[in-house]
Structure formats: structure tokens, C-alpha cells
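Trainee: Build me a model from this:
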Amino acid sequence: MPTNLLQNLLSLYLDAAPWLLLGLIMAGLLKAWMPEGLLRRKLGEGRFWPVFKATLIGAPLPLCSCGVLPAAMGLRRSGASKSATVSFMISTPETGPDSIALTYALLGPFMAVVRPVAAILSALFTGLLNTFAVKEQVTERPTISLPVTNAPACGCDNDECAKTEKGSELRGWQRSLNGLRYAFQDILDDIWLWLFAGLLLAALVMSFAPPDSLASWGDGLPAMLMMLVIGIPMYICATASTPLAAAMILAGISPGTVLVFLLAGPATNLATMGVIQREMGTKTLILYLLGISLSSILLGLVTNGLVSAMDISITVGQSVNLGETGQWMAYLSGTLLLYFSLRSLIRQTQSRIKQSRVTS
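Mentor: Okay, here's the model as predicted:
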């Protein structure tokens, strides 16, 4: 069992690493080039439109459960409301062009249509639930603020960067570099521990309660609740969850019950929950989990109703071998992510030692 645990942990880590790096890069470039006032107007002001916009922006993006975290934090710290950020964090990992194509190949056209529609509805429902339940001030500062004393517009606290901007306008490559420095330092400092904790929990779940063992639960509300219990804490991306969904349907699980797993699994994990609680508060986290749970079960029941009423037959296609062509990218991304995470650990340790010396 320890061997299986290490294998599952390595597999999950390599699966997440390329998308996490992509999310960090997107967050850095967003910080560097997107005017904060624009994001604040588009995704921060108003109650309903920001939720719709964030949902539609996130749906086509190729980011997984972990990769969406830095991108969402970049949006939040640039002025996006809690509701808009929550919707973005749900619609982005639940669906995407790659997962839709694989869903069509393995589960047929009906599930290929139902899945993205359900993802968008789930994101809208949870975002609007947060809008009605939480009164948020437009001028609210993010939980973790950037230094404001003599800080350059890029958000970087590097002295050389500040001196450069005082003298002249930053060049394009300098602005992008400073944005990436912000992502791989400030943002990664806040999420790396939650990311690795989430991956470890996911590996434990896969080792001791693999998702395909849920076939024994059959159908109905108890099976859907069990899908939530297994899917919410673990890390699994939308693409990787599709072959598991196909295996469940072959084992006799209903399409609606499988849909609950396809929505809840990619939308949240331990890392996501930790970051939401830290950045947006416990109340937002509770509403986030409540919205995903209620919408997933409701959409699963509706899906089963449609399948029964329309006499739809879900034909499972042949299994697709994923990830072999990108194996070198996974190892390269994993090495880079480990390097930056170790730098973050060293930086935070040195900062704590320095603070302890000052207080003593």
C-alpha cells in the first residue's frame, strides 16, 4: 500500500504540475498587463453581471483544479468580487475543450452537451448564492495585500524594479518579468503548502478508496452523496475524471450520479478549500461547498430524469490513452514547480527566523 500511495502521489503531482505552472504564468501576466481598474469594473462592481462574466470567461480556459488557483487569486487581488472569483473557480476546472472532446469520445454526444452546460449552471448557482448571502463592499481590499510604500505598478516589491519604474516606463519584457516574479513568489508562497497537502489527501483517497469502487453503491441519492464525499476533498482534473466516469457507467452507475462526480471532483479539493478560506473567509468557503453540492445533486437528478424521459442510451466508447506524448512536459513542469516551491519554503523560513529575532 505505501508503494501505491507514492505512485498515486507522483502521478497526481505530474498531472497537476503543467497546469499549475500555466495558471501561475497567467496570473503573472494578468497582474502585469491587465489594468486593475478594468477588472474591478468588470468583475468587481455590480451583483449579478460579474458572476455571469466570470463564469463565461472561465469555462473555455484550459486550467485544472490546481492550475485555476493562482489565476483566480490574480483576479481576486486585482479587484474581482468574491462571487465572481467563486464562479471562475468552478466553471474553469469543471469543463474545457479537452474534457468536452474526451467526453464525446468516451460518453457520447448527450453527456458531451450536458457536462459543460451543467458546469456553467453550477458556477452560476454558487456565485449567485454567494452574492445573495454575502454583503461585499466594492472597496474591500484583498485578504493579502501587496506592499504599497514605493511599490511599482506591477505589484513587485523588488528594489531594482521600483528604481527602474521611477526613472522611466517599464519595457514590455520587464513588465512581464515582474508579473511572473509576483506570481512565482507572492502567490506561490500562499498556496504551495495547500497544494501539496491536497495532492497528498487525493493520493490517500485513491489508494484506500479508488473512485471506481463507487460502482458498488449503485444509483440514487445515497450514491450521489457518496460521490460528493469522495470527490470534494480529492484532486482530479476534468480530463482525468472522464475515463473513470466511463468505467462507472459500464459498472452500472447512472449518468446523473456520474455527473455529480464530474462536477464535484474537478471543482474543489483540499487545496482549493484552503485557499478560499484564507483569501475570502470561512463563510465564502461554506457557501462554495454548499453551492457545489446542491447544484451537482440537482443537476444529476435532472440528468437522470432526461435520460429516463427521452429513453437516451449512454454508449461508452473505447478507453483513450492519455498523457504519454506530454510525459516530458510533466516531468519538466514538476521539476520547475518543485524548485520554485523549495525557494518559497526557504524564503518563508528565513522570514520567520528574521521576525523571531526582531521580536526577541
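Trainee: List the residues that contact Val260.
Mentor: Contacts for Val260 (Cβ atoms under 8 Å, 6 or more residues apart in numbering) come out as Met224, Met227, Leu228, Gly231, Ser296, Ile297, Leu299, Gly300. Heads up, the C-betas are built off the backbone N, CA and C, glycines and all.
Trainee: who wins for neighbours among those residues?
Mentor: Ser296 (29 neighbours; other Cβ atoms under 10 Å).
Trainee: Tell me where the stretch 201-350 of the chain is predicted with low confidence.
Mentor: Applying pLDDT under 70 to the stretch 201-350 of the chain flags the ranges 201-202, 205-206, 209-218, 239-240, 243, 316-326.
Trainee: now do the stretch 1-150 of the chain
Mentor: Applying pLDDT under 70 to the stretch 1-150 of the chain flags residues 1-2, 16, 23, 27, 34-46, 62-67, 97-98, 102, 134-150.
Trainee: Check the offset of the one helix or strand Gly256 maps to from the chain's centre.
Mentor: In the assignment (DSSP states H and E), Gly256 maps to helix 255-267. Distance of helix 255-267 from the chain centroid (Cα atoms, centre = their mean, to the nearest Å) equals 15 Å.
Trainee: what comes up buried for that helix?
Mentor: Buried residues in helix 255-267, counted by 16 or more other Cβ atoms under 10 Å: 255-267.
Trainee: Closest one to Gly305 out of those residues, please.
Mentor: Comparing the buried residues of helix 255-267 against Gly305 with Cβ to Cβ places Gly256 closest, at 7.8 Å.
Trainee: could you pull out the helices for the stretch 101-250 of the chain?
Mentor: Along the stretch 101-250 of the chain, counting by DSSP state H, counting those that start in this stretch, helices occupy 109-133, 159-167, 172-182, 188-208, 221-231, 238-250.
Trainee: any chance of these in a markdown table, with distance to Thr315 too?
Mentor: Below are these laid out as a markdown table (distance: least, Cβ to Cβ, whole Å):
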| stretch | distance to Thr315 |
| --- | --- |
| helix 109-133 | 9 |
| helix 159-167 | 56 |
| helix 172-182 | 45 |
| helix 188-208 | 27 |
| helix 221-231 | 21 |
| helix 238-250 | 9 |
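Trainee: among those, which is nearest Thr349?
Mentor: Nearest to Thr349, of those and by Cβ to Cβ, is helix 188-208 at 11.3 Å.
Trainee: Ramachandran coordinates for Gly58?
Mentor: Note on Gly58: backbone dihedrals following degrees, to the nearest 10 are phi -80, psi -30.
Trainee: Begin at 8, not 1, for the rest of this chat.
Mentor: Renumbered: residue one is now 8, and that last one reads Gly65.
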